[in-house]
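J.: Next comes the sequence, and after it the predicted model I'd like to discuss.
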Amino acid sequence: MSKDNQVLEEFTSKEYEHGWTIDLESDSAPKGLSEEIVRFISAKKNEPEWLLEWRLKAYRHWKTMKEPQWPNVKYPAINYQDIIYYSAPKQKAQPKNLSEVDPELIKTFEKLGISLTEQKRLTGVAVDAVIDSISVATTFKDKLGELGIIFCSFSEAVKEHPELVKKYLGSVVPPNDNYFAALNSAVFSDGSFCYIPKGVRCPMELSTYFRINAANTGQFERTLIVAEDASYVSYLEGCTAPMRDENQLHAAVVELYAKKDAEIKYSTVQNWYPGDKNGKGGIYNFVTKRGLCAGDHSKISWTQVETGSAITWKYPSCILKGDYSNGEFYSVAVTNNYQQADTGTKMIHIGKHTRSRIVSKGISAGKSQNSYRGQVHILKRAENARNFSQCDSLLMGDQCGAHTFPYIDVENKSAHVEHEATTSKIGEDQIFYCLQRGIDEEAAVALIVNGYAKEVLKQLPMEFAVEAQKLLALTLEGSVG
Amino acid sequence: MLKIKNIHARVEEKAILNGINLEVKPGEVHAIMGPNGSGKSTLASVLAGREDFEVTDGSIEFLGKNLLEMSPEDRAREGVFLAFQYPVEIPGVSTVNFMKTALNKIREYRGQDTLDAVSFLTLMKEKIKLVEIDQSLLNRSLNEGFSGGEKKRNEIFQMAMLEPKLAILDETDSGLDIDALRIVANGVNKLRTKDNATIVVTHYQRLLDYIVPDYVHVLYKGKIVKSGTKELALELEEKGYDWIKSEMEVA
Amino acid sequence: MSTTTEKPTISTSLIESLDLGKFSIAKEQRKKAFEAFKTTGFPEAKSEEYKFTPVTRLLTKHFSAEELSTQTVANKSVKELLHPEFSENRVVFVNGIYSQTLSSITTDSKVTIQSLDEALTSNPSLLFDQLNINDPFALLNSTLWSDGLYINVPKKVEEKKPLFIHHLHDASSEKVSVHTKLFITVGESASLEIIEKTDTLGDQPVFHTISEEIIVGENASFNYCKIQNDAGQLIQVANTTIQQHNSSRADTFTFTLNGKLIRNNLNIIIDGEGCESHFYGLYLTDGDTLVDNHTTVDHKKPNSFSNELYKGLMDGKSKGVFNGKIYVRPHAQKTNAFQSNRNLLLSDDATVNTKPQLEIWADDVKCSHGCTTGQLDEEALFYLQSRGIPKATAKAMLLYAFAGEVLDTIKNEQLKNYIDSIVSERLHKSY
């Protein structure tokens, strides 16, 4: 045991890799939240009147709401008046192309391993980079434009495609949906917008990299993806933040809208700063993600690898409205030190012959708490609905916790719903077998955990699967108890 | 190569090995036989460094180094290979990936360059022939859903890949039909050189028809009570373990 | 909380109108429980624990606060409800009051069986209500209980004869609201088997809370079967808490067929090492019956085993609710805990809500849960039909096989035959 503890010590003290900050001059709102701030944000972005009204309505509703108490996480009360709701890196004007982007910004993203210069990209991935609250650059826009694909920052979409934004904004996650969604609706600053026209198969991965840089700032971005009939898109988001002693709030909203025969694949590699080994600092990641399978035979697939954040509260969900529509949720959530995660999904079966599949792999180490919370709801008219859920938890060490809270509500007799969950520790026999073949303990744990999470990791686009594997190993190496 | 001196070992409070002495030289094959519970598998586990067993006395020297001070992975890197009686299943990890990791870790330890994917696959294809193992099996999760015979063949395949100096086969024959037994034994024989040694731990003489030992030792109540050549195994087969037991009780 | 403008809820009316002065026994406990009830009240519609089970709504609809806290006496003879099958060794309660005349106790004389009233009169320091159950209905029960039963099986007494506890209600002319309390201690290396049933005469609404506190001593064994097949308009909330000490064994079987609304809170507290716990449930519902089984197994000590299997067949407009929690506390290493919930929906209007939960704070454990909801396997049905079995029979056979997995776990042959006959009748009657 003592040796294991030593290894554990060593690796839990491992520093967060993306903990640096860069001095960017930024343009911020004063701390606090009020109608004035909402107006300020809207004005800063030169928004049309309808959007300001939309925000104000959300804000007024938010004021009447209470922060949810049901998640299995503990944190001191958030002072919503102590947060800066708008911070933008100062730029002279909206950059027209990359050469106009502040070189410091480009450097920031290069440090993250994301090149914004298109010729340097080896693989076909288009990137929208969002720093603090503002989208700073979007690559491959022209190439995508030839196919009629719109991939741009949210602010730009409001200006260039107001009819689309107006039509779909809040159509999946209404502004009054929940506390954090309402907050986001009032103060969201930027994010990505993506529109795939009818019959188009997006030829490259679209991705957004989010970075919180400024101190005392909340990040409230909004992503909206609309896939027209028989279109396809695969989308990935990645996120990091500097190491700071105070907790920072990230309350994003993601809406996916899939029409007939359309497919949206949404992958997340979440690596926000998790706080230090004593639980100080870190991001509160309170996110609402939901996809609507509006059309028949549509499909939405969520894949998430959650390794960061002090607290994670998110349930990427699918509303399966179209007949024969299909929802998937693949998740790996790793918690270490004092991290807390309460994450899972909702599969709401409304249409006939709808199918959903949930695969969740939780891994807890250190003193962390890791909860799966998920709902499968088969509504009365959802004839022949099918769901299969597999939720496994792996524990490393005797000071962490693993919790499983599935809700299964069936109102139609033709449904087949199957849920299985297991909790166990990493096998000593497995580790010894590896050791006997000359593989050391850290490598053995990484190997076994990656094997355990394989079903989820293989859902990720190739480019990011490797990154995710490394991230898992990094978060967990040596945490055998 | 291997010098075991007066090894005592226990699990929890129970003494299992009570003073084992054994010397193995390069090129030799030693068979360790004995009734159930005599400590055969414990000896194999102690050599490989399983933590459940506590060595309370004695020493083990391997190639001039103190084996007992080494971690299990370093023992493996020095050239000790244990073919497990019950090979472990690791879901999601393919044998190929597993072997690549292991081989490169061992090569790093020995100061050799790690193998790239191409040279690794070339090496693997070569070794596959030795044990007549189906390549598709190696792309599946390690030992998961393998039959008993497939698991044992996979062990010998791994042995071929890692080229150990000392191979310990722990009841490798258990649960094998005669064809599988022949394939496994052939694999082991093809891997024999004048520089490496093998310890075969077995309950039955059967395996020794295929892997012919230079020496046979009989283990009883945690001690080697009889040593001899391969004829001893035949005698044991004929007279049964009760012969040893009664002889011991008389003594 | 209510303001002056709002209509008072059944909770507030009850809290305001209740006078504890009318009780002469266990005054302190009642006061304490009532104080706690004041803070909980009846569960609100959004309450996580009662969100599918509208006890409060039904109570509000059928009872006034006064009716809830008033004991009504039986007018008619309820003798016709007695079961000849279980006449040998039985305790009978009529409208919540222990009936000396209908009871006949033939257990070992070393075993104490007394009405709780009597037990407390002779021994006022008897410690009960110690397990701190915070369910509002358990608190209400501790406040209002009219009578109950105290059973003590001393050390090493292995009582072979099952004790049948029968709760009879006369609801032929008046509403009935009854609160019964059971306190059972099974001493070291002792054993006890209990069968419990409720029956109602008439179709006036009945509200019955029952709280059972059972302490199973070291190496002791406790076997418990609850049969819920009440033809009346029964709203029942049962709180059963079993505390297990080292190397003890508990087997429970909860069998539910009828009633308006049945809520069972079964809590197993494993407070010793080397314990074994098996709990089974079968619910076959029809009409507008709602059955809600909430179970909790709390592994507080290492090296114990628990296994749970609940199965349900829902027909008509009935609703099945299942919530199973497994807790494994820190240090409860080497715990093996398994749980399974399987449901079949037989009609278009039946629904099921299940929520199995695992909360694990120890790493060296094996825990799993599984649940399924579906309908009859069409393939299997077709297979039977293709061998010449009529569809209705084939269906009944398959349903019976589904239920059989649970029925097979009943060890008491007489009891098994009795339940088996009810299940067969129900399945063949419907198909």
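T.: Great, that's in hand.

J.: SS state for the closest residue to B:Leu191 other than its chain neighbours?
T.: Sequence neighbours aside, B:Ala160 is the residue nearest to B:Leu191 in space, at 5.8 Å (criterion: CB to CB, 6 or more residues apart in numbering or on different chains). From N, CA and C alone the C-beta is placed, and that goes for glycine too. Put simply, B:Ala160 is helix when judged by DSSP: H, G, I helix; E, B strand; the rest coil.

J.: Just the pLDDT at B:Ala160, thanks.
T.: Among the per-residue scores, B:Ala160 holds a pLDDT of 92.

J.: A:Ala241 too?
T.: pLDDT at A:Ala241 comes out at 64.

J.: and chain A, which residues reach chain C?
T.: Taking CB under 8 Å from any CB of the partner chain as the contact definition, chain A meets chain C at A:70, A:378, A:393, A:395-425, A:481.

J.: let's see it at 7 Å
T.: Residues of chain A lying close to chain C (CB under 7 Å from any CB of the partner chain) are A:393, A:395-398, A:401-411, A:413-425, A:481.

J.: Please work out which residue of chain A is closest to chain B.
T.: A:Gly451 (3.0 Å; CB to the nearest CB).

J.: so who does that residue touch?
T.: For A:Gly451, the contact set (CB atoms under 7 Å, 6 or more residues apart in numbering or on different chains) comprises B:90-93, B:141.

J.: Between the residues you listed, which sits nearest A:Val233?
T.: B:Gly92 (28.1 Å; CB to CB).

J.: What sits closest to the closest one if chain neighbours are left out?
T.: A:Gly451 (3.0 Å).

J.: where's the one you found relative to A:Cys434, distance?
T.: Distance of A:Gly451 to A:Cys434, given as CB to CB, to the nearest Å: 11 Å.

J.: now swap in B:Asn36 and tell me
T.: Taken as CB to CB, the span from B:Asn36 to A:Cys434 is 28 Å.

J.: Who has more neighbours out of those two?
T.: A:Cys434 (28 against 8; other CB atoms under 10 Å in any protein chain shown).

J.: For A:Val38, identify the helix or strand it belongs to.
T.: Take DSSP states H and E as the rule and A:Val38 turns out to sit in helix A:35-44.

J.: who does the helix or strand following that helix touch, helix- and strand-wise?
T.: Following helix A:35-44 in sequence order, the next helix or strand is helix A:49-64 (DSSP H and E). Helices and strands touching helix A:49-64, as assessed by 3 or more CB pairs under 7 Å, 6 or more residues apart in numbering or on different chains; DSSP states H and E, comprise helix A:35-44, helix A:179-187.

J.: Pick the most deeply packed of these.
T.: Most buried of these, by mean neighbour count (mean count of other CB atoms under 10 Å in any protein chain shown): helix A:179-187, with a mean of 26.

J.: how much distance is there from that one to the middle of the chain?
T.: Distance of helix A:179-187 from the chain centroid (CA atoms, centre = their mean, to the nearest Å) equals 16 Å.

J.: and it, what other elements does it pack with?
T.: By 3+ CB pairs under 7 Å, 6+ apart, helix A:179-187 packs against helix A:35-44, helix A:49-64, strand A:282-293.

J.: can you list contacts of the longest one?
T.: Residues external to helix A:49-64 that are found in contact with it (CB under 7 Å, 6+ apart): A:35, A:38-39, A:42, A:158, A:166, A:175-176, A:179, A:182-183, A:185-186.

J.: wait, doesn't A:Ile378 sit right on A:Ala415?
T.: Yes - judged on CB atoms under 7 Å, A:Ile378 makes contact with A:Ala415 at a distance of 4.2 Å.

J.: Check the contact lists of these two and give me the overlap.
T.: In contact with both A:Ile378 and A:Ala415: A:Ala385, using CB under 7 Å, 6+ apart.

J.: Could you check which of the two is surrounded by more residues?
T.: The neighbour comparison of A:Ile378 against A:Ala415 (other CB under 10 Å) goes to A:Ile378, with 32 against 24.

J.: thinking again about what came up before, and the residue nearest to B:Leu191, how many neighbours does it have?
T.: By other CB under 10 Å, the residues close to B:Ala160 number 22.

J.: List the residues that contact it.
T.: Going by CB under 7 Å, 6+ apart, B:Ala160 touches B:127, B:130-131, B:187, B:191.

J.: Helices along the chain, start to end?
T.: No chain was given, so I picked chain A. For chain A, helices defined by DSSP state H occupy the ranges A:2-12, A:35-44, A:49-64, A:103-111, A:141-146, A:154-160, A:162-168, A:179-187, A:428-436, A:441-452, A:454-457, A:462-476.

J.: The chain in question should be chain B.
T.: B:40-48, B:72-78, B:95-109, B:117-131, B:135-138, B:148-162, B:178-190, B:230-239, B:241-250.

J.: and of the ones you listed, who's closest to C:Gly370?
T.: Using CB to CB, the nearest of the helices of chain B to C:Gly370 is helix B:148-162, at 27.8 Å.

J.: what's the burial count for the closest residue to chain A within the stretch 51-200 of chain C?
T.: Nearest residue of the stretch 51-200 of chain C to chain A: C:Phe52, at 8.3 Å (CB to the nearest CB). Around C:Phe52 there are 19 other residues, counting by other CB under 10 Å.

J.: can I get the contacts of helix A:49-64 in a markdown table with pLDDT?
T.: Shown next, in a markdown table, are the contacts of helix A:49-64 (pLDDT from 0 to 100):
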| residue | pLDDT |
| --- | --- |
| A:Glu35 | 92 |
| A:Val38 | 92 |
| A:Arg39 | 92 |
| A:Ser42 | 91 |
| A:Val158 | 93 |
| A:Lys166 | 94 |
| A:Pro175 | 91 |
| A:Asn176 | 89 |
| A:Tyr179 | 92 |
| A:Ala182 | 94 |
| A:Leu183 | 93 |
| A:Ser185 | 94 |
| A:Ala186 | 94 |
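
J.: returning to that earlier point: how much space between the residue of chain A closest to chain B and B:Tyr86?
T.: For A:Gly451, the distance to B:Tyr86 - CB to CB - is 19 Å.

J.: what does C:Thr289 give?
T.: Using CB to CB, C:Thr289 is found at 51 Å from B:Tyr86.

J.: avg pLDDT for stretch C:313-324?
T.: pLDDT averaged over stretch C:313-324 gives 95.

J.: cool, stretch A:345-360 as well?
T.: Stretch A:345-360 carries an average pLDDT of 96.

J.: is that stretch up against chain B anywhere?
T.: No - shown here: stretch A:345-360 not in contact with chain B (CB under 7 Å from any CB), separated by at least 11.9 Å.

J.: For that stretch, list every residue counted as buried.
T.: Applying a neighbour-count criterion of 16 or more other CB atoms under 10 Å in any protein chain shown, one finds A:345-360 buried in stretch A:345-360.

J.: what's the answer for stretch C:127-147, then?
T.: Neighbour-count burial for stretch C:127-147 flags C:128-129, C:131, C:133, C:135-147 (criterion: 16+ other CB under 10 Å).
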